[in-house]
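K.L.:
Provided below are the primary sequence and the corresponding predicted coordinates.
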Amino acid sequence: MAKLGHKSEHVHTTETPDVSHVRNPDVTHELSDVNVPGILKFVGALVVMTVVVYVLMWLLFGFFSAQEAKKEGAAPPGPMAMTEQESLPAEPRLQAAKGFGVKLENGEWVNLEKREPQAEYRVLREQWDRVLKEGPKDQSGNPIGLPIEQAMQRVVEGQGLPSRPQQGSPREMTDYAIDTPTAASSGRVTEKGKQ
């Protein structure tokens with residue numbers, strides 16, 4: 001028994017015991033957790049197979065497209081199939097939409113689909129400038145009026161503006177003039193000579 005009142009000066013230290021002499025033949029240490037050459041072979045085979053599948057699919061779709069083109073070329077469209085013009089929405093169409101365009105006065109159709117919004121104004125402005133310079137023309141291209149420069153030149157030369165021939169004398173014209181409404185007429189007007 002230990003004596004009371006006596007303190008032990010023994011300090012406890014922790015040491016790792018030497019276990020190098022212990023051997024367990026059932027448990028071994030692996031030199032490598034991953035088989036790198038095996039993984040590289042797998043990835044290489046996967047890439048090659050992916051490329052082969054892509055090439056085969058591309059050839060298969062090419063074959064199907066050619067086969068479908070042969071079918072479409074041989075058979076006429078069905079009786080209920082709409083033409084491209086019939087499938088377009090009704091007029092007026094949105095600018096830059098499919099089928100949008102302008103029909104000029106000479107009957108020419110200008111396709112403006114997928115163009116900037118100002119294209120319509122530019123086409124019409126060109127037509128208006130052409131009419132001013134060359135004069136108005138009918139559908140067959142025959143002139144039906146004068147260009148603006150020639151018309152202004154005729155006015156300057158003194159030929160004057162065309163007017164309707166007046167019928168009758170100035171007295172006859174005043175006989176059929178319209179009376180000015182008065183307060184007494186309540187806004188009703190009568191022709192002179194028919195009272």
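P.N.:
Nice, I can see it.
K.L.:
Please work out how many residues are found near the closest residue to K137 other than its chain neighbours.
P.N.:
Nearest residue to K137 in three dimensions, chain neighbours excluded: P143, at 5.4 Å (Cβ to Cβ, 6 or more residues apart in numbering). (Each C-beta comes from the backbone N, C-alpha and C, glycine too.) When neighbours are counted by other Cβ atoms under 10 Å, P143 registers 11.
K.L.:
Same question for R122.
P.N.:
Neighbours of R122 (other Cβ under 10 Å): 13.
K.L.:
Just to be sure, it is in a helix?
P.N.:
Yes. Counting by DSSP: H, G, I helix; E, B strand; the rest coil, R122 falls inside a helix.
K.L.:
picking that back up, kindly state the pLDDT recorded for the residue nearest to K137?
P.N.:
You'll see P143 listed with a pLDDT of 78.
K.L.:
Ok, the one 4 residues further on next?
P.N.:
Per-residue confidence (pLDDT) for P147: 84.
K.L.:
That one reaches R130, doesn't it?
P.N.:
No. Shown here, P147 and R130 do not form a contact pair, counting by Cβ atoms under 8 Å, at 9.9 Å.
K.L.:
Can you name the residues that contact the residue nearest to K137?
P.N.:
Counting by Cβ atoms under 8 Å, 6 or more residues apart in numbering, P143 makes contact with E134, G135, P136, K137.
K.L.:
any idea of the mean pLDDT in the longest helix that the chain contains?
P.N.:
Counting residues, the longest helix in the chain under DSSP state H turns out to be helix 36-74. On average, the pLDDT along helix 36-74 is 92.
K.L.:
At which residues are the strands of the chain located?
P.N.:
Taking DSSP state E as the test, the strands found in the chain are 101-103, 109-111.
K.L.:
List just the one of these that sits closest to E120.
P.N.:
Closest to E120 of those, according to Cβ to Cβ: strand 101-103, at 5.9 Å.
K.L.:
ends of stretch 95-109, how far apart?
P.N.:
Separation of the first and last residues of stretch 95-109 by Cα to Cα, to the nearest Å is 15 Å.
K.L.:
Show me which positions of it end up buried.
P.N.:
Using 16 or more other Cβ atoms under 10 Å as the test for burial, stretch 95-109 gives G99, F100.
K.L.:
where's it relative to the chain centroid, distance-wise?
P.N.:
Distance of stretch 95-109 from the chain centroid (Cα atoms, centre = their mean, to the nearest Å) equals 16 Å.
K.L.:
Can you tell me what sits against it?
P.N.:
With Cβ under 8 Å, 6+ apart, stretch 95-109 has contacts from 85, 88-89, 93-94, 110-117, 120, 123-124, 127, 131, 137, 139, 141.
K.L.:
Derive a ChimeraX selection command for the buried subset of those residues.
P.N.:
Entered in ChimeraX, the line below selects the buried ones among those, by 16+ other Cβ under 10 Å:
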select :110,112,115,120,123,127,131
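K.L.:
Among the contacts of stretch 95-109, name the ones in helices.
P.N.:
Counting by DSSP H, the part of these found in helices is E120, V123, L124, Q127, V131.
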